[in-house]
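Enquirer: Provided below for reference: sequence and predicted model.
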Amino acid sequence: SKTIKSKRIGLSKNDIKDSFLENLFFHIGRVPKGATIMDYYQALAYTVRDRVFKEFVTTVKRISDEDLRVVAYLSAEYLPGPHLANNLLSLGITEQTAAAMAELGIDMEELILQEEEPGLGNGGLGRLASCYLDSMATIGIPSIAYGIRYEFGIFEQHIKNGLQEEYTDKWLQYGNPWEVVRSEIGYNIMFGGSTKHVTDSNGNFTVNWIPDSKLRGTAYDTPILGYKGYGSILRLWRAEAIDTFDFSAYNKGDYYKAVQEKILSENITKVLYPNDEQETGKELRLKQQYFFVSCSLQDLIRLHLLQGRILDTLHEKFAIQLNDTHPAIAVAELMRLLVDDYQIDWDKSWNITQRCFGYTNHTLLPEALEKWSIPLFRRVLPRHLEIIYEINHRFVQELKYQHGCSDEQLSRMALIDHSGEGSIRMAHLATVGSHKVNGVSALHSELLKKHVLYDFAQLWPDKFCNVTNGISPRRFIALSNPLLTGLITETIGSGWLTDLKELSKLENMAEDPTFQNKWMAIKQTNKASLSDHIKLETGISVDPSMMFDVHVKRIHEYKRQHLNVLNILHLYLQIKKGNNKDMIPMAFIFAGKAAPGYFMAKLIIKLITAVGDLINQDTEVNDKLKVIFLPDFSVKKAQHIYPAADLSEQISMAGKEASGTGNMKLSLNGALTIGTLDGANVEMMEEIGMDNFFLFGLNAEEVQHKKQGNYKPGDHYVHNLHLREVMDFLISGALSPENPKLFQPIYEQLLYDDPYMIMADFESYLISRAKVYEEWGNQSNWTKKSIINVARMGKFSSDRSIQDYSSLIWKIDSFQNRP
Ligand code: 26V
């Protein structure tokens with residue numbers, strides 16, 4: 001890279017300006033006169049990409065020269081957010097670039113807004129993977145992240161008549177300047193057919209898999225740049241037909257059949273599935289998982305052999321992390337590659353496999369634990385089914401004869417669930433095939449050992465550990481909240497961006513009136529900006545002096561958006577009764593997508609918008625209350641919302657939210673949290689202190705206990721007047737005059753079943769909210785708490801999470817710690 005001409009990758013204003021004009025001409029074929037804003041965006045993206053490549057190539061060279069151990073992160077989802085601004089930040093050239101653009105009469109901010117983000121994930125899990133990639137690149141953990149290049153990412157959400165409508169995402173429609181296709185890096189992937197077990201003349205036993213279809217996975221690389229740091233790479237696989245023409249079909253004259261094959265092959269990476277919908281029968285989803293896993297493992301083996309090594313040492317050179325069970329088929333695939341393709345004996349292969357993999361669990365919800373039906377599995381992956389049976393057989397033997405397990409234990413722990421048509425428990429496959437299993441918050445990791453993987457934790461206590469999630473401070477404060485970032489840096493220097501614990505230096509300032517005023521003024525500016533955005537998107541005016549109460553995340557019953565709504569209705573009814581003398585004006589801001597097939601979640605969206613319609617137009621209440629649903633939540637939108645929040649809603653039923661990461665993002669931007677003792681809230685409250693956190697609700701143990709007893713949600717209805725009023729209002733028809741029974745399913749579920757204990761937690765929520773109002777009344781006090789929240793967020797940097805993974809699981813040193 002030293003030979004690359006410096007001007008082409010220079011970081012001065014003039015070099016950037018020259019490169020930009022060159023790229024506009026040579027890449028886009030335009031001169032400034034006549035160029036569109038999209039042309040400008042693309043030209044700038046190429047300009048920045050050239051500079052990113054330089055860092056990236058340097059890192060890759062170092063990994064290869066020094067023969068370093070590398071993390072291979074396997075995830076079916078990534079949500080990187082827009083790349084341009086992040087890369088400018090990482091390169092440290094935001095100012096020069098803005099100045100260069102200004103000299104050309106271009107507003108850089110406007111270009112940044114042109115970028116269509118890759119929506120290659122559903123929510124927290126995909127965003128976490130991207131935060132981790134950012135941190136690995138920043139700290140200098142040698143890494144490569146593998147995934148799927150979905151042509152259509154998460155659907156676009158439109159709201160029509162208050163209902164969610166889904167539209168296909170077209171993130172690739174104007175091309176993607178951040179990726180490079182590596183046509184030479186591709187692997188053949190097989191599906192279906194049957195297996196043949198043969199013994200050759202030397203008595204060697206081998207298995208041949210005779211598939212009935214094959215396709216090719218091609219690598220698309222996006223370089224990822226860490227903050228003033230190192231490079232990493234996001235390698236996404238796209239499915240293609242092996243040959244453009246199937247010549248045999250062509251020769252027979254069946255040209256169209258050949259083209260049809262090509263289309264079918266490409267279907268594999270067409271679309272991202274929603275993660276919160278049942279998938280047991282979805283053949284394409286299983287194919288997606290196997291497709292990207294096989295490409296990734298074949299790629300690792302190629303890289304390993306390329307360095308002149310033998311496969312016996314694969315686990316010494318790669319730590320492969322499974323992001324949930326979506327890539328868990330990797331356990332069987334690596335065994336297949338080692339045993340069938342490279343003729344390594346089973347025991348040695350199993351040893352390598354277990355030492356390669358680590359498995360991260362991201363949910364305890366029983367309905368979310370992946371299972372694949374055996375008939376489907378046999379149809380798609382016949383050889384893998386045999387391998388899984390063999391792994392299972394050996395595991396069961398071990399349990400029986402070495403550990404003396406009972407039949408009951410055996411059937412609980414087996415990889416195969418024999419009920420019905422039979423299914424494969426992917427979490428068990430991942431657990432058995434890995435040397436470490438981790439949860440994503442302290443509470444979640446404990447519950448994992450106590451419930452979902454209880455028997456395994458008893459058997460292998462040392463296999464289990466915790467790595468609490470974290471977020472990238474680069475993306476979620478430096479990029480999204482430049483004003484607050486400026487104030488913090490001006491006060492404590494800039495070290496905090498790579499060592500978030502340094503934020504604790506802000507504690508001294510928490511009671512300083514001048515500092516408080518600056519802090520408040522920034523929040524106010526951010527709220528005014530969000531308010532403008534809300535007006536633009538929804539037509540609704542929100543007064544920025546209101547308290548901004550923010551509830552943004554996927555819509556799911558366990559996250560309890562409807563608990564929030566019940567409180568809003570309570571406030572509404574109080575105002576209507578004239579009990580509103582000291583009421584604090586509040587704007588409730590919701591955003592989030594519902595899985596397209598999830599009836600209740602979609603009804604909850606309708607409920608939020610119906611309550612909004614009622615309140616926002618009613619002049620008797622709308623100076624005190626506003627209810628906003630911002631459509632099409634994304635990383636880009638989130639970056640706009642977090643900096644403007646005063647209060648963060650983290651109100652899931654205890655025991656259900658594995659970690660949550662929005663909780664961290666909001667707190668890092670100075671919002672105070674109202675929340676339950678769930679997921680990472682527990683550790684956040686530990687850090688932030690009870691006085692600076694609004695806690696309410698049953699804890700996980702109490703929830704368990706109540707469920708085992710005979711919980712009667714109706715009792716709360718009878719005994720709590722406010723709850724009764726609100727519930728009665730819910731089915732009064734006032735919210736949906738055209739269809740008075742619209743919300744009856746929610747009403748009935750809460751009253752007669754209430755699986756997420758909303759009725760039980762309602763009163764406690766209201767009591768906690770009363771404290772919120774009291775604290776808000778003293779703005780200096782509120783601001784002090786806001787500053788303390790930020791000052792105590794150090795633990796929740798994804799840099800810390802990655803350091804934990806590195807030392808506990810991967811045993812990989814960062815570049816920084818190397819001579
Ligand atoms: C899947 C399913 C499938 C069946 C229906 C219900 C349901 C609900 C959720 C899911 C997603 C499971 C995996 C997941 O996305 N977990 C999230 O991971 C985040 C990163 O660790 C964490 O912060 C969230 O708490 C956790 O929900």
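Expert: Sure thing, it's come through.

Enquirer: residues from the stretch 101-250 of the chain in reach of the ligand?
Expert: Residues of the stretch 101-250 of the chain found near the ligand (CB under 6 Å from any ligand atom) are 124-125, 128. The way it works is simple: take the backbone N, C-alpha and C, and place the C-beta from them, glycine included.

Enquirer: Make JSON lines out of those and add neighbour count.
Expert: Written out in JSON lines, the entries for these read as follows (neighbours: other CB atoms under 10 Å):
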{"residue": "G124", "neighbour count": "24"}
{"residue": "L125", "neighbour count": "25"}
{"residue": "L128", "neighbour count": "28"}
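
Enquirer: Below-threshold pLDDT in the chain: ranges please.
Expert: For the chain, the stretches with pLDDT under 70 are 1-5, 244-253, 280-281, 818-819.

Enquirer: Try it again at 80.
Expert: Residues of the chain that meet the criterion pLDDT under 80 lie in 1-7, 243-262, 275-281, 816-819.

Enquirer: Within range of the ligand, give me the residues from it.
Expert: Listed as neighbours of the ligand in the chain under the rule CB under 6 Å from any ligand atom: 124-125, 128, 275-276, 278, 324, 362-363, 365, 367-368, 440, 469, 657-661, 679.

Enquirer: how does it look with 8 Å?
Expert: Within the chain, the positions adjacent to the ligand are 122-128, 275-279, 324, 360, 362-363, 365, 367-368, 440-441, 444, 469, 554, 556, 558, 595, 598, 657-661, 679-680 by CB under 8 Å from any ligand atom.

Enquirer: In strands, which of the residues you listed appear?
Expert: Taking DSSP state E, the ones among the residues of the chain next to the ligand that sit in strands are T360.

Enquirer: just the buried members of the residues of the chain next to the ligand?
Expert: 122-128, 275-276, 279, 324, 360, 362-363, 368, 440-441, 444, 469, 554, 556, 558, 595, 598, 657-661, 679-680 (16 or more other CB atoms under 10 Å).

Enquirer: now K270: how far from V259?
Expert: Between K270 and V259 the distance is 16 Å, computed by CB to CB, to the nearest Å.

Enquirer: For the longest helix seen in the chain, buried residues please.
Expert: The residue-count maximum for a helix in the chain (DSSP state H) belongs to helix 37-65. Along helix 37-65, these residues count as buried under the neighbour rule (16+ other CB under 10 Å): 39-56, 59-60, 62-63.

Enquirer: Output the contacting helices and strands for it.
Expert: For helix 37-65, the contact count by 3 or more CB pairs under 8 Å, 6 or more residues apart in numbering; DSSP states H and E identifies helix 6-9, helix 13-26, helix 84-91, helix 94-103, helix 108-114, strand 213-225, strand 231-240 as packing neighbours.

Enquirer: Check which helices and strands the shortest one sits against.
Expert: So the one you mean is helix 6-9. Counting contacts by 3+ CB pairs under 8 Å, 6+ apart, helix 6-9 is packed against helix 13-26, helix 37-65.

Enquirer: about what we covered before: just the ones of the residues of the stretch 101-250 of the chain next to the ligand in helices?
Expert: Helix and strand membership here follows DSSP H; of those, those in helices are 124-125, 128.

Enquirer: what sits up against stretch 402-418?
Expert: Around stretch 402-418, the neighbours that count as contacts under CB atoms under 8 Å, 6 or more residues apart in numbering are 371, 374, 388-389, 391-392, 395-396, 399-400, 422-425, 428-429, 432, 455-456, 459.

Enquirer: Could you list which of the residues you listed belong to helices?
Expert: The subset of the contacts of stretch 402-418 located in helices under the criterion DSSP H comprises 374, 388-389, 391-392, 395-396, 428-429, 432, 455-456, 459.

Enquirer: ok, of these, which come out buried?
Expert: Among the ones in helices among the contacts of stretch 402-418, the ones that count as buried by 16+ other CB under 10 Å are 374, 388, 391-392, 395-396, 428-429, 432, 455-456, 459.

Enquirer: now for those residues, which pair is the farthest apart?
Expert: By the measure CB to CB, I374 and L459 form the most distant pair in those, at 24.6 Å.

Enquirer: Backbone dihedrals for whichever residue of the stretch 501-650 of the chain sits closest to the ligand, both of them.
Expert: Distance from the ligand to each residue of the stretch 501-650 of the chain (CB to the nearest ligand atom) is smallest for H556, at 6.2 Å. The main-chain torsion angles of H556 are listed as degrees, to the nearest 10 and equal phi -150, psi 150.

Enquirer: okay, the residues of the stretch 101-250 of the chain next to the ligand in JSON lines with distance to S634 next?
Expert: Conversion of these to JSON lines gives the following (distance: CB to CB, whole Å):
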{"residue": "G124", "distance to S634": "13"}
{"residue": "L125", "distance to S634": "15"}
{"residue": "L128", "distance to S634": "16"}
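
Enquirer: How about the secondary structure of the residue of the chain most remote from its centre?
Expert: Distance from the C-alpha centroid of the chain peaks at S201, with 52.1 Å (CA atoms, centre = their mean). Here S201 is recorded as coil under DSSP: H, G, I helix; E, B strand; the rest coil.

Enquirer: how much space is there between it and V726?
Expert: Using CB to CB, S201 is found at 80 Å from V726.

Enquirer: now R285
Expert: With distances taken as CB to CB, R285 is found 40 Å from V726.

Enquirer: Can you tell me, leaving aside adjacent residues, what's nearest to the one residue in the stretch 201-350 of the chain that gets nearest to the ligand?
Expert: For the stretch 201-350 of the chain, the nearest residue to the ligand under the criterion CB to the nearest ligand atom is D276, separated by 3.7 Å. Take D276 and drop its neighbours on the chain: the residue closest to it by CB to CB, 6 or more residues apart in numbering is A595, 4.6 Å away.

Enquirer: Phi first, then psi, for the residue farthest from the centre of the chain.
Expert: phi -60, psi -20.

Enquirer: Repeat that for T363.
Expert: phi -160, psi 150.

Enquirer: Give me the residues contacting whichever strand or helix holds H640.
Expert: For H640, the host element (DSSP states H and E) is helix 635-641. Under the contact criterion CB under 8 Å, 6+ apart, helix 635-641 has outside partners 79-82, 115, 117, 127, 475-476, 479-480, 529-530, 533, 550, 552, 589, 591, 630, 662, 665.

Enquirer: Which of the residues you listed fall in helices?
Expert: The helices, defined by DSSP H, take in 127, 529-530, 533, 662, 665 from the contacts of helix 635-641.

Enquirer: ok, so of these, who is nearest L497?
Expert: Top of the list for closeness to L497, among the ones in helices among the contacts of helix 635-641 and by CB to CB, is K665 at 15.3 Å.

Enquirer: which residues sit in contact with that closest one?
Expert: Taking CB under 8 Å, 6+ apart as the test, what K665 contacts is 471, 476, 638, 642.

Enquirer: Now render the residues you listed as CSV, adding neighbour count.
Expert: Converted to CSV, those look like this (neighbours: other CB under 10 Å):
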residue, neighbour count
I471, 27
F476, 28
A638, 22
Y642, 26
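
Enquirer: For the stretch 251-400 of the chain, which segments count as strands?
Expert: All strands of the stretch 251-400 of the chain, identified by DSSP state E, counting those that start in this stretch, fall at 318-323, 357-360, 371-373.

Enquirer: try the stretch 601-750 of the chain
Expert: Per DSSP E, counting those that start in this stretch, the stretch 601-750 of the chain carries strands over the ranges 625-630, 647-650, 672-675, 694-695.

Enquirer: and the ones you listed, which is most packed in?
Expert: strand 647-650 (a mean of 27; mean count of other CB atoms under 10 Å).
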